[in-house]
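Asks: Sequence and predicted model, in that order:
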Amino acid sequence: MEGAWGTDRVEYMEMIRYVIFRCVSGLSTRWVQEASMPKRVVRVLAVCGAALMAVAGPAGQAGAVAGPGGGGAGGGGLGGARADEAPEADLAYHGSAVMAGGRVDVAFVPLNHGPAAVPDATVRLRWSVAPQARQELPEGCARSEPQVVLCRTGALPADGVGERITLRMWLPDAPPEVVLELETVWGGGAVDRNRQNDRQRVLVLDTGDAYHF
């Protein structure tokens, strides 16, 4: 079902998860990783979710939401602007992943090929095997689902390179392989008409070798 701002229900739910993630990103990441979260974190999550739903209303009215638009760099503009009114930015991610004994080290750099600068963006890392429940994630990254980690890129100037993002994830039972998918879920309100270079899919074998993307 198409929403009023040109995205489907799945992308709308991604936007909801992202806004809640932004609400709690100032809190300690370790709290989010614990199975039993402090009451303060639970209250913040509840308040953020309630406020978002009160403002957004049903999916058909989501275009009125001020903030992330269209569930990704290919969606609407900042503050609910229409796609044809939003600036354009071509985002990409390049890096590598290494797995050995269930430990996966991922390092990548976000790039913005322009023409517009991006104030911030969010990249989603999805694992074919859900990482262990307790992880030490870097600042700006948080779990949104058992198999998903969201990371902020920070500001990306036009024709510029962002800060390097590194994660060390532990997978249960040391699987022989894992598939890692990366994709922009929010592009700072910019429209990305070339989605091929910001959607990466890499098969990582448990060999200790680096697999580049």
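Replies: The structure has been received and is ready for your questions. Numbering: from 1, shown residues only.
Asks: average model confidence for stretch 166-185?
Replies: Average pLDDT, stretch 166-185: 98.
Asks: how about that stretch as PDB, C-alpha atoms only?
Replies: Provided in PDB are the C-alpha atoms of stretch 166-185 (Å, rounded to 0.1, in the frame of the first residue of the first chain):
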ATOM      1  CA  THR A 166      34.000   0.300  12.800                       C
ATOM      2  CA  LEU A 167      32.000  -2.500  14.600                       C
ATOM      3  CA  ARG A 168      33.000  -5.700  16.200                       C
ATOM      4  CA  MET A 169      30.100  -8.200  16.400                       C
ATOM      5  CA  TRP A 170      30.000 -11.600  17.900                       C
ATOM      6  CA  LEU A 171      27.800 -14.300  16.300                       C
ATOM      7  CA  PRO A 172      26.500 -17.300  18.200                       C
ATOM      8  CA  ASP A 173      28.000 -20.800  17.600                       C
ATOM      9  CA  ALA A 174      30.700 -19.500  15.200                       C
ATOM     10  CA  PRO A 175      28.800 -20.000  11.900                       C
ATOM     11  CA  PRO A 176      30.900 -20.800   8.800                       C
ATOM     12  CA  GLU A 177      29.500 -17.800   6.900                       C
ATOM     13  CA  VAL A 178      27.200 -14.800   7.300                       C
ATOM     14  CA  VAL A 179      25.600 -12.400   4.800                       C
ATOM     15  CA  LEU A 180      25.900  -8.700   5.700                       C
ATOM     16  CA  GLU A 181      23.700  -6.100   4.000                       C
ATOM     17  CA  LEU A 182      24.100  -2.400   4.200                       C
ATOM     18  CA  GLU A 183      21.600   0.200   3.100                       C
ATOM     19  CA  THR A 184      20.700   3.900   3.700                       C
ATOM     20  CA  VAL A 185      17.500   4.200   5.700                       C
END
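Asks: Name the residues of that stretch that come out as buried.
Replies: Of the residues in stretch 166-185, 167, 169, 171, 178, 180-185 count as buried by neighbour count, 16 or more other C-beta atoms under 10 Å. Glycine gets a C-beta too; all of them are placed from N, C-alpha and C.
Asks: for stretch 89-104, same thing?
Replies: Quick answer for stretch 89-104 (16+ other C-beta under 10 Å): 89-93, 95, 97-99, 102, 104.
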